[in-house]
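>>> mind looking at a prediction? Sequence and model below.
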Amino acid sequence: MTPPGSARSAGAPSADPTPVEGPPPGTGAHTGAPPLVAPRVPTAFSPALAGAAEVVRLVRSLADSQGRDDLVEQLDRIRAQLAVESVPVLVVGGAGQGKSSVVNALVGAGVCAVGATDTTATPTVVSHALAYDGALVIDPAAAGRPEPLLRRVPFTEAVGLATQALNPDNAWGLRAIQLAVPSPALARGLTLIDTPPLRELWEPDGVRLLQAMSGVAAVVLVTSAGSELSSGELDLLRVASSLCHRLYVVVNGTNVFADWRSVVAANRSLLDRRGISAKVLAVAATPYWGDAGGVPPGPDAGMQALAAELDAAVVLDTEHQRISTALVEAFWAADRLRMRLWAEQSLITEDGPLDETTVLLRDAARHAQVLCGPTAHWHELLTQSVQQLRKDVEADLDADVAGLRADVDNVLLALEAGHDWPRLHLSLHTRFADRVLHTQRVRKLAMRALCRHVAEQFQADWSEIVASLDLASEAHALLDPRLDREVAALPRSLADLPRPPAGAASLPGDQSGVPLPTRARADYERWLSATETFLRNDTEATLTRVGEEMERRCQDRGIELQRTIVEVLTTLNVLRHLTPEVVLQRHEEIESDLAQLRTLDFQLKVAPPAG
Ligand SMILES: Nc1nc2c(ncn2[C@@H]2O[C@H](COP(=O)(O)OP(=O)(O)O)[C@@H](O)[C@H]2O)c(=O)[nH]1
Ligand SMILES: [Mg+2]
């Protein structure tokens, strides 16, 4: 979902502009109005991303001073990828457990309606902005369009429509409400998604929620400290854990329920027994902000721990993955600059035999050229390995589909024996999700191994060329061209997985007279075949993508190597014609550039570790 702030330019006029310093709209006493004065919040900013961007900027300025427009362009692209991005966290749970209260306490303002009469009617996406603002995402059906419609509305109106009172059973047909909220808690991209109470997982809203889970950075289940996790909550967590790898259980109400510690302990052991990996935190999500605002996450130690957890384990962790990728690229660009400088320096200082060096470099350039082509050893290995893996994976897929079929048959047998339909349906849903995830995981491991294998071969081919150039012996990227990282991409989002047939949701209420197991069989057959098609297409697409990506990576590295060698050759030709004074001056310039690159080394070392 697009955060409201990014859907328009910063200064766009609003129907009801709410300036930062002005009074924000009240949302009723029960919800707690947003503070009168918005807290002083910087524009979206992350220290970790900014630190990495600074390192990239330094390499860029060196590339610029050497007239390397190609590297400048590449580094600009890398820097653009280090902008603050939305990190969505989905807050789910049953009615009245305190989901909206937790969201409010995290941002330090009453932006989500809270209370028995003001239950949340529509998913509410709360993200960072400099001023309070709102937008509605209108369902395609309600909007009479093929695509959901985004309409900007004043903050108050958006807040009102999030409630059951003003938008009973979501009569407005809203997919989501977007709230832009100035809060320091959100400035690094954290986006909190408050949701309506969940009744049944197999209802359309439940299915939609499950789909959302596979695309978010974390799922937070809010549950009351008054009692331990219900079987419904455990079912939800079970499915959530297969869709999202960061899962939190927030036990709310430590201020009301004296016995909360034993509830927390009981919840932990329930999760253990079900094999669900989720961190349990206990909070009191009470309002602590006044009319003039409050500083999140407020005085409650539990809320502080939750905010710190989201900050470090979710936002920072997400950032580190991006930083690591960007720094690897920046490192490579720095090495290309460095290699040329070293080459130049050694050529200037040592009165070596230029002709001999020229012959050596020409040979290396030719070998580097071969390294980029289809006759290179690594390339042949890649082609063979992809072919082999395709065969293996197809055989595995047949087994996976047979497993899914057995799951369906078991459920149908139980259904004929008169077992409870909704439970069976949910268990089938879970089995499907588990099997698809398992298949994707196994496949990912196989692709990783393939990439590692090819990278090793590439490295061997590469080292032969680089070893002949003692000029290059100190360059980092030249010794380790880092090919296998990020190539074995994550499996595609489970959001693409075929949903259970729509008819299944209304199975028990069907008036057609056809017995339930018969109707269910037809529906589940369709689901099974859609899932099989998905798995086959997804496997083929992933395999093709990984193969192409690996080929591109190796070729790009080969081209970089070849270019760098040609650059050094050109330099050599220029040097032949220089006067001693010019050579000396050039030597001093190079010394200073190399010194700057050494500070860069230092910065790369102190920068956050690779994820
Ligand atoms: N005393 C107390 N009440 C709370 C706390 N958290 C939530 N509530 C109350 O519980 C009710 C439901 O909260 P709400 O956030 O709307 O729950 P939701 O339906 O899960 O979004 C409201 O009346 C809140 O005021 C808490 O930590 N302490
Ligand atoms: Mg709510």
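Thanks, I have it. Ligands and ions are numbered 1, 2, ... in the order given.

>>> just the element for residue 393, please.
Residue 393 belongs to helix 377-416 when assigned by DSSP states H and E.

>>> and that helix, what does it pack against?
helix 421-467, helix 516-575 (3 or more C-beta pairs under 8 Å, 6 or more residues apart in numbering; DSSP states H and E). Every residue, glycine included, has its C-beta placed from N, CA and C.

>>> nearest to ligand 2, out of these?
Closest approach to ligand 2 among the helices and strands packed on helix 377-416 is made by helix 421-467 (23.4 Å; C-beta to the ion).

>>> chain center to the closest one: distance?
18 Å (C-alpha atoms, centre = their mean, to the nearest Å).

>>> cool, stretch 103-123 as well?
Taking mean C-alpha positions (C-alpha atoms, centre = their mean), stretch 103-123 and its chain are 26 Å apart.

>>> wasn't residue 135 part of a helix?
No. Assigned with DSSP: H, G, I helix; E, B strand; the rest coil, residue 135 falls outside any helix and is strand.

>>> name the nearest residue to it, sequence neighbours excluded.
residue 178 (4.3 Å; C-beta to C-beta, 6 or more residues apart in numbering).

>>> on the pLDDT front, check the one you found for me.
pLDDT, residue 178: 93.

>>> in which helix or strand does it reside?
Going by DSSP H and E, residue 178 is in strand 174-181.

>>> that strand vs ligand 2: in contact?
No. Residues of strand 174-181 are not located near ligand 2 by C-beta under 5 Å from the ion, the shortest gap being 12.1 Å.

>>> show me what counts as buried in the helix holding residue 393.
378-379, 381-382, 385-386, 389, 393, 396-397, 400-401, 404, 407-408, 411-412, 414-415 (16 or more other C-beta atoms under 10 Å).

>>> then stretch 105-117?
105, 106, 107, 108, 109, 110, 111, 112, 113, 114, 115.

>>> pull the most distant pair out of those.
Put simply, by C-beta to C-beta the two of the buried residues of stretch 105-117 set farthest apart are 108 and 115, 18.7 Å from each other.

>>> circling back to that earlier point, please name every helix or strand in contact with the strand holding residue 178.
Against strand 174-181 (3+ C-beta pairs under 8 Å, 6+ apart) you get strand 124-128, strand 133-138, helix 155-161.

>>> how far does the second one sit from the chain's center?
What that stands for is strand 133-138. The answer for strand 133-138 is 23 Å, by C-alpha atoms, centre = their mean.

>>> and it with strand 174-181, angle?
Angle, strand 133-138 to strand 174-181, by axes from the mean of the first three to the mean of the last three C-alpha atoms, to 10 degrees: 170 degrees.

>>> now strand 133-138: average pLDDT?
92.

>>> partners of it in the sheet?
strand 149-153 (antiparallel), strand 174-181 (antiparallel) (DSSP bridges).

>>> what sits up against the last one?
The reference is to strand 174-181. With C-beta atoms under 8 Å, 6 or more residues apart in numbering as the test, strand 174-181 has contacts from 1-5, 34, 107, 109, 111-112, 122-129, 131-139, 142, 148, 150, 155, 158-159, 161-162, 167, 193.

>>> out of these, which are buried?
Applying 16+ other C-beta under 10 Å to the contacts of strand 174-181 flags 1, 3-5, 34, 107, 109, 111-112, 122-129, 131-139, 148, 150, 155, 158-159, 161-162, 167, 193 as buried.

>>> could you list the low-confidence segments of this structure?
Residues of the chain that meet the criterion pLDDT under 70 lie in 1-43, 201-204, 292-293, 343, 346-354, 470-512, 601-611.

>>> okay, now the domains of the protein?
52-83+322-350+581-611, 87-299, 355-577 (automatic domain parsing).

>>> ok, which of the ones you listed comes nearest residue 310?
domain 87-299 (6.1 Å).

>>> so which residues on this protein come close to ligand 1?
By C-beta under 6 Å from any ligand atom, the part of the chain that sits against ligand 1 consists of 93, 95-101, 114-116, 119-120, 197, 222, 252-253, 255-256, 284-286.

>>> near ligand 2, from these?
99, 100, 120.

>>> the last one against residue 164, yeah?
What that stands for is residue 120. Yes. Judged on C-beta atoms under 8 Å, residue 120 makes contact with residue 164 at a distance of 7.4 Å.

>>> need the contact list for the closest residue in space to residue 313 that isn't next to it in sequence.
Residue nearest to residue 313 in three dimensions, not counting chain neighbours: residue 246, with 6.8 Å by C-beta to C-beta, 6+ apart. Residues counted as contacts of residue 246 (C-beta under 8 Å, 6+ apart) are 217, 218, 219, 313, 314.

>>> any chance of the helices and strands packed on strand 174-181 in TSV, plus distance to residue 459?
Shown next, in TSV, are the helices and strands packed on strand 174-181 (distance: least, C-beta to C-beta, whole Å):
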stretch	distance to residue 459
strand 124-128	43
strand 133-138	48
helix 155-161	54
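
>>> what's the closest of the ones you listed to ligand 2?
strand 124-128 (8.4 Å).

>>> got the angle for the closest one vs strand 133-138?
Going by the same axes, to 10 degrees, strand 124-128 is angled at 140 degrees with respect to strand 133-138.

>>> could you identify which of the strands paired with strand 133-138 is most buried?
strand 174-181 (a mean of 25; mean count of other C-beta atoms under 10 Å).

>>> pull the CA atoms of that strand into CSV?
Presented in CSV, the C-alpha positions along strand 174-181 are these (Å, rounded to 0.1, in the frame of the first residue of the first chain):
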residue,chain,number,x,y,z
LEU,A,174,-13.1,0.9,1.7
ARG,A,175,-10.1,-1.4,1.2
ALA,A,176,-8.0,0.7,3.6
ILE,A,177,-7.7,4.1,5.2
GLN,A,178,-4.3,5.9,5.1
LEU,A,179,-3.4,8.2,7.8
ALA,A,180,-0.3,10.5,7.6
VAL,A,181,0.8,11.2,11.2
